[in-house]
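In: Predicted model follows, preceded by the sequence.
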There are 2 protein chains.
Amino acid sequence: MVQAVALPRNEAGIAKALQVLKARFGNRFHTSPSMLEQHAHTTTWIVNQPPDAVVFAHDTNEVAEIVKVCAEYGVPVIPFGTGTSLEGHINAPAGGVCIDMSEMNKVLAVHAGDLDCVVQPGVTREQLNTFLRDQGLFFPIDPGANASIGGMTATRASGTNAVRYGTMKDNVLALEAVMADGTIIRTAQRAKKSSAGYDLTRLLVGSEGTLAVITEITLRLQGIPEAISSARCSFPSVDAACQAVMTTIQYGVPVARIELLDELSVKAANAYAKLDLPVTPLLLLEFHGSEAGVVEQAETFGAIAEDFGGNGFEMTTSTEERNRLWKARHEMYFATHQLRPGAIGFSTDVCVPISRLAECVVAAQAKAEELGLLSPVVGHVGDGNFHTLPLIDTSNPDEVARAEEYVSWLNDLAISMDGTCTGEHGIGQGKRPYLERELGPAVKYMAAIKAALDPDNIMNPGKIVPA
Amino acid sequence: MVQAVALPRNEAGIAKALQVLKARFGNRFHTSPSMLEQHAHTTTWIVNQPPDAVVFAHDTNEVAEIVKVCAEYGVPVIPFGTGTSLEGHINAPAGGVCIDMSEMNKVLAVHAGDLDCVVQPGVTREQLNTFLRDQGLFFPIDPGANASIGGMTATRASGTNAVRYGTMKDNVLALEAVMADGTIIRTAQRAKKSSAGYDLTRLLVGSEGTLAVITEITLRLQGIPEAISSARCSFPSVDAACQAVMTTIQYGVPVARIELLDELSVKAANAYAKLDLPVTPLLLLEFHGSEAGVVEQAETFGAIAEDFGGNGFEMTTSTEERNRLWKARHEMYFATHQLRPGAIGFSTDVCVPISRLAECVVAAQAKAEELGLLSPVVGHVGDGNFHTLPLIDTSNPDEVARAEEYVSWLNDLAISMDGTCTGEHGIGQGKRPYLERELGPAVKYMAAIKAALDPDNIMNPGKIVPA
């Protein structure tokens, strides 16, 4: 495990804020060690830094009230969705108050005619899609976990459908948020486009709770396509699979999903989800459109795949089989952990221009081998984004050092290719040094924005910008 | 004409900065009255407020040098593209130095494999598309004017294709910019998606030169579709035309363009472009896709149009006819002015959720009639965005007052429908009161960001936020 830096604690302020919040929120105010631990970083390699209290908020005004109390006493505020982020976003390095949003989980409005909806931040993506299904609508963004819409907004998440439908930045129309002084703002109206001043919506999307607490999200929706079909295709090498992806994208095929699993990941998926996929690099695809359009897309991809040695190109016609395949893909984070029980994955998240994809994935595999790391690869390769997950015995300092060397090397490689250290997971605590390497002088202006909107640095301190 | 508020001038600072810049830039430094006037607001109803000098910059370092000189002496900096913005963006209410970017007009790189390119801000949209054509690529955003990419970025522009391809916010991947202290930053790498810190790209897109001078833009490109076809269809009323648009969008037809011209606008287009369109509300459409896909889209639209009394649905098969039609559409701003020679148009730019479109357009027409204003309507109606252009004799104070009443009433109506006062033109000087009405408390945080990034308020002061 890797220890994130602890920050100075305002003990007196914390004590006072807790006293006020306890009196106000009664049995929705918690300080039991297990509750606190569950509300800090649990999913990866960064050590848990629990808050001092957890409050379950029920509406925007309550969030504003909590933030005002914390502002008065100079106490950190950390918003919590489902706790599935990967970079220490919900740790409390200076202690403070965690606002659990899971009970703010109402779909407030669906405007079917406008293809949008308004939700509270605790709504999860699966909950939303279940809610929408009867109306023939869906929300496409799908990170691996059943994350909350608030958390997905805060980390600028994406997932397997982003190649066609974009990321959270493209699918949030407007936000309601509580600022560091407790003021409630709306960042935009519900119109589909706007040039009305600075784009506060996009500034808060991806701000990881460091500028405001998001309390309501207006989302763009999509009509469920007339036809959906899935396909899979095996390739002789990861390079060949990536070349096929690059050509598919460059050719303009509007694939809805195009996902890479390397050999190790296929092995993991087979074991975890009781599948029987050929153990060789694999692309999983999904096509959305009219009946004719979907066939056209699949045929075009099939021809491209053949050019790169793809074999076993197979359409998945049954909904059941399709769901099983994609469920397996969404659970890859857990599946790959089974390749080495007890080990902890150091997830990477680089994203490079698509023309550099094959080169970057192949180099990442070679480097892991050179360092003696077991490191499966999965990827949203249509966007040039892929995850490697070196599985580390954290009791072995040498192995941890090699993992850190690998992560650092891979991030630098992606940056040198005009790519980013994070396509969708965010900066949090874990990637702060890389943000500096990636954007250099721009980080100073990020810090200036943070200082302007949160002068006392109470909003999720220690994330993104220097504390 | 309407006078924008003048701001206090720093005469001593301006004199010193001009002296330094004149010595440095020689014959690229201008102070002739005609040159100054050309570099302030010329296209609409806000009075010209010329800068004190114009400098033609040739590269990013020169821009940084100019900004540093202005920062040292506390002098306003106003970036200038082609001068086609509509809300007083390039006026100099406190005087200062205009940086003309028109000679920074190189396409620096085209990465065809990544479907992106890097351009200097002075490149115009027509120049870029001419440059790209041989490679089978195009850049879809097309405001009416042949604007510069820098200006389009700064105002978060869109145009007729936005219904399919989005606005500038969706099509800028990364920016290079000079900040108020002269520091050059890059806001992002060239990867297609990123969660690396605050989205400075989107913060600068639409910031109207008030936070930074944009010096390089990385744009997403599209492959030229296999098939393009245009169509036009007349309707018995504006309401019927809008109902057809709403149904088309709700049905998920991926139209590339769907534009409304009311009767007055059709009349203007006929006269200006020597066309022979039936003088009744008209929709102009364009479909992009495969040969089969385009036919499918057109057939779907045709059936919808029929339901709403559309007649004369006609595909435009010849490229020549198509170009003539769209050229007429792009020149509507000038064409409608011919309906009343000598009058000045008070362009509006509201955008509402698509479900409110018909109601909003019909109400706007009725209000104009009630106030005795000649006010043609054109619109990017697929996005819920439309422009009315009351043509005003500005020597008649009563008529000006009625125009102002109309504009104010229409903006308030759109805001009350959860829409915006500006879909694509921006706030500039002209829409500042409406931004406040639209987003209220959020404007305070916009001002805080402005103050943080530009503490001496030298970057295009008097636009968007209170000076």
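Out: Structure received. Numbers count the residues shown, from 1 in each chain, chains lettered A, B, ... in the order given.
In: mind checking how far stretch A:181-200 is from the chain centre?
Out: Here the centre of mass of C-alpha atoms in stretch A:181-200, compared against the chain's by CA atoms, centre = their mean, to the nearest Å, lies 23 Å away.
In: near chain B at all, it?
Out: Yes - against chain B, stretch A:181-200 shows contacts by CB under 8 Å from any CB of the partner chain at A:183-200. (Each C-beta comes from the backbone N, C-alpha and C, glycine too.)
In: got the buried residues for the top helix by length along chain A?
Out: Of all the segments assigned as helix in chain A under DSSP state H, the longest by residue count is helix A:397-416. With burial defined by 16 or more other CB atoms under 10 Å in any protein chain shown, the residues of helix A:397-416 counted as buried are A:399, A:400, A:402, A:403, A:406, A:407, A:409, A:410, A:411, A:413, A:414, A:415.
In: do the same with stretch A:302-314
Out: Neighbour-count burial for stretch A:302-314 flags A:302, A:304, A:305, A:308, A:310, A:313 (criterion: 16+ other CB under 10 Å).
In: Only alpha carbons, please: show that stretch as PDB.
Out: Backbone C-alpha positions of stretch A:302-314 (Å, rounded to 0.1, in the frame of the first residue of the first chain) are rendered in PDB as follows:
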ATOM      1  CA  GLY A 302     -15.500  -7.600 -40.300                       C
ATOM      2  CA  ALA A 303     -13.600  -6.700 -43.500                       C
ATOM      3  CA  ILE A 304     -11.100  -4.500 -41.500                       C
ATOM      4  CA  ALA A 305     -10.600  -7.200 -38.900                       C
ATOM      5  CA  GLU A 306      -9.800  -9.700 -41.600                       C
ATOM      6  CA  ASP A 307      -7.100  -7.500 -43.000                       C
ATOM      7  CA  PHE A 308      -5.400  -7.600 -39.600                       C
ATOM      8  CA  GLY A 309      -5.600 -11.400 -39.100                       C
ATOM      9  CA  GLY A 310      -8.800 -11.300 -37.000                       C
ATOM     10  CA  ASN A 311     -10.500 -14.600 -36.800                       C
ATOM     11  CA  GLY A 312     -13.600 -16.000 -35.200                       C
ATOM     12  CA  PHE A 313     -15.600 -12.700 -35.900                       C
ATOM     13  CA  GLU A 314     -18.900 -13.600 -34.400                       C
END
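In: Distance from the chain centre to it, please.
Out: Taking the mean C-alpha point of stretch A:302-314 and that of its whole chain, the gap between them comes to 31 Å (CA atoms, centre = their mean).
In: picking that back up, the following helix or strand past the longest helix of chain A and chain B, any residue contact?
Out: Taking DSSP states H and E as the definition, the helix or strand that follows helix A:397-416 towards the C-terminus is helix A:432-439. Yes - in terms of CB under 8 Å from any CB, part of helix A:432-439 sits within range of chain B, namely A:434, A:435, A:438, A:439.
In: Buried ones among those?
Out: Under a neighbour-count criterion of 16+ other CB under 10 Å, the subset of these counted as buried comprises A:434, A:435, A:438, A:439.
In: Is it possible to get a markdown table of those residues that adds distance to residue B:43 and pLDDT?
Out: Shown next, in a markdown table, are these (distance: CB to CB, whole Å; pLDDT from 0 to 100):
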| residue | distance to residue B:43 | pLDDT |
| --- | --- | --- |
| A:434 | 45 | 96 |
| A:435 | 41 | 97 |
| A:438 | 40 | 98 |
| A:439 | 36 | 98 |
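In: nearest to residue A:429, of the buried residues of helix A:397-416?
Out: Nearest to residue A:429, judged by CB to CB, of these is residue A:407 at 13.7 Å.
In: Double-check the closest one against residue A:347; I have them as touching.
Out: No - Residue A:407 sits out of contact with residue A:347 when judged by CB atoms under 8 Å, with a separation of 9.0 Å.
In: now the helices for the stretch 251-400 of chain A?
Out: Per DSSP state H, counting those that start in this stretch, the stretch 251-400 of chain A carries helices over the ranges A:263-273, A:291-307, A:319-330, A:332-337, A:357-370, A:397-416.
In: what's the closest of those to residue A:247?
Out: Of all the helices of the stretch 251-400 of chain A, it is helix A:291-307 that lies closest to residue A:247, at 5.0 Å by CB to CB.
In: so how far is that closest one off the chain centroid?
Out: With CA atoms, centre = their mean, you get 30 Å for helix A:291-307.
In: For it, the averaged confidence score.
Out: Helix A:291-307 comes out with an average pLDDT of 93.
In: Also compute the angle for the longest helix of chain A relative to helix A:432-439, please.
Out: Put simply, helix A:397-416 runs at 20 degrees to helix A:432-439, going by axes from the mean of the first three to the mean of the last three CA atoms, to 10 degrees.
In: about what we covered before: go through the buried residues of helix A:397-416 and say which is closest to chain B.
Out: Within those, proximity to chain B (CB to the nearest CB) peaks at residue A:415, which comes in at 6.9 Å.
In: Now do the contacts for the closest residue to the closest one other than its chain neighbours.
Out: With CB to CB, 6 or more residues apart in numbering or on different chains as the measure, residue A:438 is the residue that lies nearest to residue A:415, at 5.1 Å, once sequence neighbours are left out. Applying CB atoms under 8 Å, 6 or more residues apart in numbering or on different chains, we find residue A:438 in contact with A:411, A:415, A:420, A:421, B:189, B:196.
In: What about the residue of the stretch 351-467 of chain A found nearest chain B, how many residues nearby?
Out: The stretch 351-467 of chain A approaches chain B most closely through residue A:452 (3.4 Å), counting by CB to the nearest CB. Using other CB atoms under 10 Å in any protein chain shown as the criterion, residue A:452 is surrounded by 19 other residues.
In: which residues touch it?
Out: Neighbour list for residue A:452: B:448, B:449, B:451, B:452 [criterion: CB under 8 Å, 6+ apart].
In: Just those: which are in strands?
Out: Assignment to strands by DSSP state E places none of these there.
In: any idea which of those is the one closest to residue A:47?
Out: Sorting the contacts of residue A:452 by how near they are to residue A:47, with CB to CB, puts residue B:452 at the top with 32.8 Å.
In: Now that closest one. Nearest residue, chain neighbours left out?
Out: Counting by CB to CB, 6+ apart, the nearest residue to residue B:452 once its immediate chain neighbours are dropped is residue A:452, at 3.4 Å.
In: Widest-spaced pair of the contacts of residue A:452?
Out: B:449 and B:451 (7.4 Å).
In: When these two are compared, which one has more neighbours?
Out: For residue B:449 versus residue B:451, neighbours defined as other CB under 10 Å are more numerous around residue B:449 (23 against 14).
In: how about the strands in the stretch 1-150 of chain A?
Out: With strands called from DSSP state E, counting those that start in this stretch, the stretch 1-150 of chain A shows them at A:29-30, A:53-56, A:77-80, A:97-100, A:107-111, A:116-119, A:137-138.
In: Could you look over those strands and pick the most buried one?
Out: strand A:77-80 (a mean of 28; mean count of other CB atoms under 10 Å in any protein chain shown).
In: How far off centre is that strand?
Out: Relative to where its chain is centred, strand A:77-80 has its mean C-alpha point 17 Å off (CA atoms, centre = their mean).
In: could you give the mean pLDDT of it?
Out: The model assigns strand A:77-80 a mean pLDDT of 98.
In: again, but for stretch A:93-109
Out: The pLDDT scores in stretch A:93-109 average 98.
In: How about stretch A:248-263?
Out: The pLDDT scores in stretch A:248-263 average 93.
In: Mind exporting the C-alpha coordinates of that stretch to CSV?
Out: Only the C-alpha atoms of stretch A:248-263 are listed here, as CSV (Å, rounded to 0.1, in the frame of the first residue of the first chain):
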residue,chain,number,x,y,z
THR,A,248,-12.1,1.2,-37.8
ILE,A,249,-12.1,4.6,-36.1
GLN,A,250,-10.2,6.3,-38.9
TYR,A,251,-12.7,4.9,-41.4
GLY,A,252,-15.5,6.6,-39.4
VAL,A,253,-17.4,3.5,-38.4
PRO,A,254,-19.7,4.8,-35.7
VAL,A,255,-19.1,1.8,-33.3
ALA,A,256,-20.9,2.2,-29.9
ARG,A,257,-18.3,0.1,-28.2
ILE,A,258,-14.9,-1.3,-29.1
GLU,A,259,-13.1,-2.9,-26.2
LEU,A,260,-9.7,-4.7,-26.0
LEU,A,261,-8.9,-7.6,-23.7
ASP,A,262,-5.4,-8.9,-23.8
GLU,A,263,-4.7,-12.6,-23.3
